[in-house]
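1. Sequence first, predicted model second:
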Amino acid sequence: MGGDNFNTSTLQHSNTFSPEALALVKRIIARYPEGKQKSALLPVLHLAQAEFGGWLSTETMDYVASLLGIKPIEVYEVATFYTMFNLKPVGKCVLEVCRTGPCMLRGGDDIIRYLEKKLNIRDGETSADGMFTLKTVECLASCGTAPVMQVGDHYIENLSCENLDGILDRLRADHERKTS
Amino acid sequence: MRRQLLLKDINVPGIQSYDVYRRQGGYTAVEKALHEMTPEQITEEVKMSGLRGRGGAGFPTGLKWTFIDRKSGKPVYLVCNADESEPGTFKDRYLLEHIPHLLIEGMILSSYAIGAHTAYIYMRGEFRWIFPILERAIEEARAAGFLGQNILGSGFSLDIHVHPGGGAYICGEETALLESLEGKRGNPRLKPPYFPAVMGLYHCPTLVNNVETLATVPTIVTMGGAEYARIGVGKSTGTKLISASGHIKKPGVYEIELGLPVEEFIYSDEYCGGIWKGRKLKAVVAGGSSVPILPADLILKTAKGEPRLMTYESLAEGGFQTGTMLGSGGFIVMDETTCIVRNLWNFSRFYHHESCGQCSPCREGTGWMEKVLHRIEHGEGRMHDIDLLDDVAKKIEGKTICPLGDAAAWPVSSAIRHFREDFEYHIRYPEKVKNPKHFEIEPLTPQRHLATA
Ligand SMILES: Cc1cc2nc3c(=O)[nH]c(=O)nc-3n(C[C@H](O)[C@H](O)[C@H](O)COP(=O)(O)O)c2cc1C
Ligand code: SF4
Ligand code: FES
């Protein structure tokens, strides 16, 4: 992981959790024994990523460190290890497409190539309109309904180059409805 | 007739909820255990059942429970391994999503048996929609008096919490999982001294079991270990969930009685329904991406010519020369158009990507294998690359902190052993393999291209 992952972004976001999120953090910490609040790091990082625009900036990670009473480096080393955490800004909708063997056997490669072409981006990049980020991931434990991708809280299964256009349109419409 | 223990109620409408699960006889095993049985008796039943870990290693579950250090004076933890990230495996997800109370019931029984009062379910973070399902199930169980303080007036107390992973295959390895649960990078620990049963979570005695293993415990308590042991063949007792994927007509999760012939599993309409598109079978990876690949003839019959069965022993028959492993039950089927090199390159990329990087043979070796396989697959390989690959695989195997190194090496050695002609074809016809669909356009028929007979 390069140092540029830790550059401050120009994207502004509020740097503190809402009162509801803070209450949730408290409940998460309570799952672990006294003095073991570092265990709450992964769940709190997931919460932070969800609350702060889909990625973790240095400020966000420092904030999480302060909430858990641990050193910022302890957060950085964890955030860089786990692939679910995005260390750069992402599009409004992240398409996490499985690239592993069982999906490939049923056309996973074609799905990735189709998306790259259609959105005019490569793996890891965001479309010019800021809508979609393409991120290939390893086996999602959904090989029986391959090929598959994760979008937000859900999997979209049995993908094909024929049904992808409709899926992208639906995701775009969903997003517009939510923000309007 | 096919016997279902884990999935028998999976299609009952509403089985996700406590009420329906209870109506189907759910939680009676907990009542029986807490009212009539001592923790030692439960462990004894599990031992007698012959149940073996369903996470991949197949270690006898009851025996594992007896390793828990109960005299340390420290708290004992139960951790359910719901990381499910071995490529080709998707059966735990099926249980977690559709019948969460079965796992919770199993965890109550197991915690009681080992004396744990806190249990964690470490679930892969990608299963985002399953977190609320599990959390609701836990709340329902608590409201019904099956979790919390003094369960059913027995004096036994238990809390269960769900913990998300962050997207790292290595966190399925039990010591890496515990590091991760402590909020650290998922670097596997050295054994000794860090045997989980003695020095596990927070350096306390800890039992780590797979979702399916724990979900089997209620059945064992209800029917008795001896009765459970009558299902299956020899030391492969009971039923097992198989995740079937790849080039078959009916991919999905199937519960089989151990001992089912592999041929029946692949071709019967009750299970995979045969190979798709009217094609022929080329190869199977029978136990998740980490186990040796076998060609069609050797997966259907052992080298001795006996029918291969879905058991730990039969799949391993012939050792690494001609056998494989049941592993996690991730059954990946490949038809005659599959390129073994491409598939192997894909798996090697996976292991390289997922190596935690602690040991140099694994960190460097997986990278080398990926690179060499990439070049062979893309028509840039040389004949001696095949032996180079084999050599790198041998230099990883057995020389690392955790078994991920072996898991990366075995697929490579076995693919070269059984499919050398696929590799040689790539080197001989570099132009033809530049199209990623080369074997779909022109399937490789064995012998024709074989340089060394
Ligand atoms: C690299 C690696 C990945 C593993 N992934 C998983 C997994 O995803 N789920 C699982 O239950 N066990 C996994 N295991 C096996 C665990 O280390 C451990 O043996 C298992 O959870 C024990 O439970 P069981 O005895 O009930 O099978 C993995 C092992 C290795 C070496
Ligand atoms: S074998 Fe690989 S994954 Fe396992 S500890 Fe060593 S480097 Fe990490
Ligand atoms: S390989 Fe894609 S979900 Fe398993």
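-> Done, it's in. Numbering: from 1, shown residues only, chains lettered A, B, ... in the order given. Ligands and ions are numbered 1, 2, ... in the order given.

2. all contacts plus neighbour counts: C-alpha atoms, from now on.
-> OK.

3. can you tell me the helix or strand for B:Ala409?
-> helix B:404-418 (DSSP states H and E).

4. That helix and ligand 2, any residue contact?
-> Yes: counting by Cα under 6 Å from any ligand atom, ligand 2 is contacted by helix B:404-418 at B:404-405.

5. Just the buried residues of that helix, please?
-> Under the neighbour-count criterion of 16 or more other Cα atoms under 10 Å in any protein chain shown, helix B:404-418 has B:404-418 buried.

6. next one: stretch B:72-88
-> In stretch B:72-88, the ones that count as buried by 16+ other Cα under 10 Å are B:75-88.

7. contacting residues for the residue sitting furthest away from the middle of chain A?
-> Going by Cα atoms, centre = their mean, the residue of chain A most distant from its centre is A:Glu34, 30.0 Å out. Contact analysis of A:Glu34 by Cα atoms under 8 Å, 6 or more residues apart in numbering or on different chains lists nothing.

8. What helix or strand is it located in?
-> For A:Glu34, there is no enclosing helix or strand under DSSP H and E.

9. thinking again about what came up before, between the buried residues of helix B:404-418, which is nearest chain A?
-> Lowest distance from chain A to those (Cα to the nearest Cα) belongs to B:Pro411, with 12.4 Å.

10. show me where pLDDT drops low in chain A?
-> For chain A, the stretches with pLDDT under 70 are A:1-14.

11. Can you list the buried residues in the lengthiest helix in chain A?
-> Taking DSSP state H as the criterion, chain A has its longest helix at helix A:161-179. The neighbour-count check on helix A:161-179 (16+ other Cα under 10 Å) flags A:Leu171 as buried.

12. Contacts for that helix next, please.
-> The contact list for helix A:161-179, computed with Cα under 8 Å, 6+ apart, reads A:92-93, A:110-111, A:114, A:131.

13. Mind picking the two most distant members of those?
-> Using Cα to Cα, the pair of these lying farthest apart is A:Lys92 and A:Asp110, separated by 23.4 Å.

14. I'd say A:Thr133 and A:Asn86 touch.
-> No: counting by Cα atoms under 8 Å, A:Thr133 stays clear of A:Asn86, with 10.9 Å between them.

15. out of those two, which sits in the busier spot?
-> A:Thr133 (23 against 16; other Cα atoms under 10 Å in any protein chain shown).

16. How much space separates that one from ligand 1?
-> Counting by Cα to the nearest ligand atom, to the nearest Å, the separation of A:Thr133 from ligand 1 is 27 Å.

17. What does that residue show for phi and psi?
-> Main-chain dihedrals, A:Thr133, degrees, to the nearest 10: phi -110, psi 130.

18. I'd like the distance between it and A:Val151.
-> Distance, A:Thr133 to A:Val151, by Cα to Cα, to the nearest Å: 10 Å.

19. what do you get for B:Glu370?
-> Distance from B:Glu370 to A:Val151, by Cα to Cα: 28 Å.

20. hang on, the earlier thing: may I see the contacts of helix A:161-179 arranged in a markdown table, with distance to A:Gly166 and secondary structure as well?
-> Listed next are the contacts of helix A:161-179 as a markdown table, based on distance: Cα to Cα, whole Å; DSSP: H, G, I helix; E, B strand; the rest coil:
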| residue | distance to A:Gly166 | secondary structure |
| --- | --- | --- |
| A:Lys92 | 18 | coil |
| A:Cys93 | 15 | strand |
| A:Asp110 | 16 | helix |
| A:Ile111 | 14 | helix |
| A:Tyr114 | 13 | helix |
| A:Met131 | 15 | coil |
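
21. before we move on, the earlier item: toward the C-terminus from the helix holding B:Ala409, list the very next helix or strand.
-> Following helix B:404-418 in sequence order, the next helix or strand is helix B:420-428 (DSSP H and E).

22. from memory B:Gly166 sits against B:Arg124, does it?
-> Yes: if you go by Cα under 8 Å, B:Gly166 and B:Arg124 touch, sitting 6.8 Å apart.

23. Name the residues contacting each of A:Thr133 and A:Val151.
-> Contacts common to A:Thr133 and A:Val151, judged by Cα under 8 Å, 6+ apart, are A:93-95.

24. mind listing what the residue of the stretch 1-150 of chain B found nearest ligand 2 touches?
-> At 13.2 Å from ligand 2, B:Glu86 is the closest residue in the stretch 1-150 of chain B, using Cα to the nearest ligand atom. By Cα under 8 Å, 6+ apart, the residues touching B:Glu86 are A:139, A:141, B:169, B:288-290, B:328, B:330.

25. do that again at 7 Å, thanks
-> Listed by Cα atoms under 7 Å, 6 or more residues apart in numbering or on different chains, the contact partners of B:Glu86 are B:288-289.

26. Quick check: it is in a strand.
-> No: checked against DSSP: H, G, I helix; E, B strand; the rest coil, B:Glu86 lies outside a strand; its state is coil.

27. Any chance of the contacts of helix A:161-179 in JSON lines with neighbour count as columns?
-> Shown next, in JSON lines, are the contacts of helix A:161-179 (neighbours: other Cα atoms under 10 Å in any protein chain shown):
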{"residue": "A:Lys92", "neighbour count": "18"}
{"residue": "A:Cys93", "neighbour count": "19"}
{"residue": "A:Asp110", "neighbour count": "14"}
{"residue": "A:Ile111", "neighbour count": "24"}
{"residue": "A:Tyr114", "neighbour count": "16"}
{"residue": "A:Met131", "neighbour count": "16"}
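
28. nearest residue to the residue nearest the centre of chain B other than its sequence neighbours?
-> Central residue of chain B (Cα atoms, centre = their mean): B:Ser328, 2.3 Å from the mean position. Excluding its sequence neighbours, the residue lying closest to B:Ser328 (Cα to Cα, 6 or more residues apart in numbering or on different chains) is B:Gly56, at 4.1 Å.

29. Run a quick neighbour tally on that neighbour.
-> Quick note: B:Gly56 (other Cα under 10 Å) scores 19 neighbours.

30. Might you report the residue contacts of A:Phe99?
-> No, residue A:99 isn't Phe; it's Arg. With Cα under 7 Å, 6+ apart, A:Arg99 has these contacts: A:108-109, A:136-139.

31. nope, B:Val208 is what I was after
-> B:78-81, B:174.

32. swap the cut-off to 6 Å and go again
-> B:79-80 (Cα atoms under 6 Å, 6 or more residues apart in numbering or on different chains).
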